[in-house]
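J.: what shape does this take:
(one chain, ligands or ions: 2)
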Amino acid sequence: MARARKHKKGGEPSAPRNRKGGAPIIEMRDVTKVYPGGHMALDRVSLAIDRGEFVFLVGPTGCGKSTLIKMLIRELEATEGSVRIAGRDIGAMSEKKTPNLRRNIGTVFQDFKLLPDRTVYDNVAYALQVIGAHRGEIRRQVPEILRLVGLSTKLHSYPDELSGGEQQRVSIARAFVNHPPLLLADEPSGNLDPVTSIGVMQLLYRINKTVTHDREMVDNMRRRVIELYEGRVVRDEVSGGYTEESTSECGLRMRAEMGVAPEGQTNGHDSHDSLF
Ligand code: ADP
Ligand code: MG
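T.: Ligands and ions are numbered 1, 2, ... in the order given. Take a look at the predicted model:
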């Protein structure tokens, strides 16, 4: 998910502009990733994602989804090609800037990555402490985001006292508590049953809707699906018509697409990876 935010001046002159004049939040140009040992995980991937867009990155296991996401947070470097975040070529940035880049990108993983010896409240507060937030800000923002994800009654619980879906809600709260302009989720529902995973997807959709106030950005928020196959983009489609979709309508549609019956029966279809 890429959140609407005031466009900053800057970016490099060669970076393309969307119709509002801002650089895409994510732009990859001819990105190839060859792992040590010679496996080509991404093969000349080019894509641009605007602020406010809600994008699904899909494809079979091993097609390169996690590799792509890791390149956006500079956990991996491109072998060839360029990766730009908000107009900045991150491959050309100094190493010192990496923590700043990561502060501006919320990340959610399949395995939640919560601190087991801290409460729900402290797991989320920790994300603000590490960026030097003031105590007052932490006390105000942590309960607020936990309310947004529906966990107001679990502030003092520990991760092992929560269901998988609840743990993923905590990790979403943690990723989003400082309102980053970009939220990435790598198989956020991969460890969850289909019904719970729809709840997690609805939550991400709702967060994107809630924070995207800009009318034009909301118009932009049709669902977009980018599909990878063996490291290449084989589909990049926007399916229109969801602009006015409510969160529950979104849930119903996702149920239908994932083959989950309303009463919670499943056809065992894999969950989608997502990149927001
Ligand atoms: P996905 O997330 O879509 O399942 P990945 O991005 O994890 O796919 O992997 C893409 C391909 O790169 C796979 O063939 C995988 O085996 C390979 N790969 C992933 N990580 C490494 C690594 N550290 N070293 C070598 N090959 C890797
Ligand atoms: Mg993966």
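
J.: C-alpha only now, for contacts and for neighbours.
T.: Noted.

J.: what separation do you get for the nearest residue to residue 143 once chain neighbours are set aside and residue 142?
T.: Leaving aside its sequence neighbours, residue 143 sits nearest to residue 152 (CA to CA, 6 or more residues apart in numbering; 6.9 Å). Distance of residue 152 to residue 142, given as CA to CA, to the nearest Å: 10 Å.

J.: those two: which has the busier surroundings?
T.: The residue with more neighbours, out of residue 152 and residue 142, is residue 142; 26 against 16, by other CA atoms under 10 Å.

J.: next to ligand 1, which bits of the chain? Give me the list.
T.: 35, 39, 41, 61, 62, 63, 64, 65, 66, 67 (CA under 6 Å from any ligand atom).

J.: for ChimeraX, write a command that selects the buried ones of those.
T.: To isolate the buried members of the residues of the chain next to ligand 1 in ChimeraX, using 16 or more other CA atoms under 10 Å:
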select :41,63,64,65,66,67
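
J.: just flag the most distant two among the residues of the chain next to ligand 1.
T.: The largest separation in the residues of the chain next to ligand 1, counting by CA to CA, is between 35 and 61 at 16.5 Å.

J.: mind listing which of the residues of the chain next to ligand 1 are in helices?
T.: Counting by DSSP state H, these place 65, 66, 67 in helices.

J.: all helices for the stretch 1-150 of the chain, in order.
T.: For the stretch 1-150 of the chain, applying DSSP state H, counting those that start in this stretch gives helices covering 65-72, 98-103, 120-129, 135-148.

J.: now the residue of the chain most remote from its centre, what are its backbone angles?
T.: Most distant residue from the mean C-alpha position of the chain: residue 37, 29.2 Å away (CA atoms, centre = their mean). In terms of degrees, to the nearest 10, the main-chain angles of residue 37 are phi 110, psi -20.

J.: ditto for residue 119
T.: phi -70, psi 170.

J.: dump the residue contacts of the residue lying closest to it once chain neighbours are set aside.
T.: Of all residues not flanking residue 119 in the chain, residue 158 sits nearest, at 4.5 Å (CA to CA, 6+ apart). Contact partners of residue 158, counting by CA atoms under 8 Å, 6 or more residues apart in numbering, are 116, 117, 118, 119, 120.

J.: what about the second one, how many neighbours?
T.: Using other CA under 10 Å as the criterion, residue 117 is surrounded by 11 other residues.

J.: before we move on, what about the one 4 residues further on?
T.: Other residues within reach of residue 121 by the criterion other CA under 10 Å amount to 23.

J.: likewise for residue 34?
T.: Residue 34, neighbours per other CA under 10 Å, totals 15.

J.: can you tell me the SS state at residue 183?
T.: Put simply, residue 183 is strand when judged by DSSP: H, G, I helix; E, B strand; the rest coil.

J.: repeat for residue 237
T.: Classification of residue 237 by three-state DSSP places it in strand.

J.: from ligand 1, how far out is it?
T.: Residue 237 is 18 Å from ligand 1, where distance means CA to the nearest ligand atom, to the nearest Å.

J.: for residue 167, find the nearest of the helices of the stretch 1-150 of the chain.
T.: helix 120-129 (8.6 Å).
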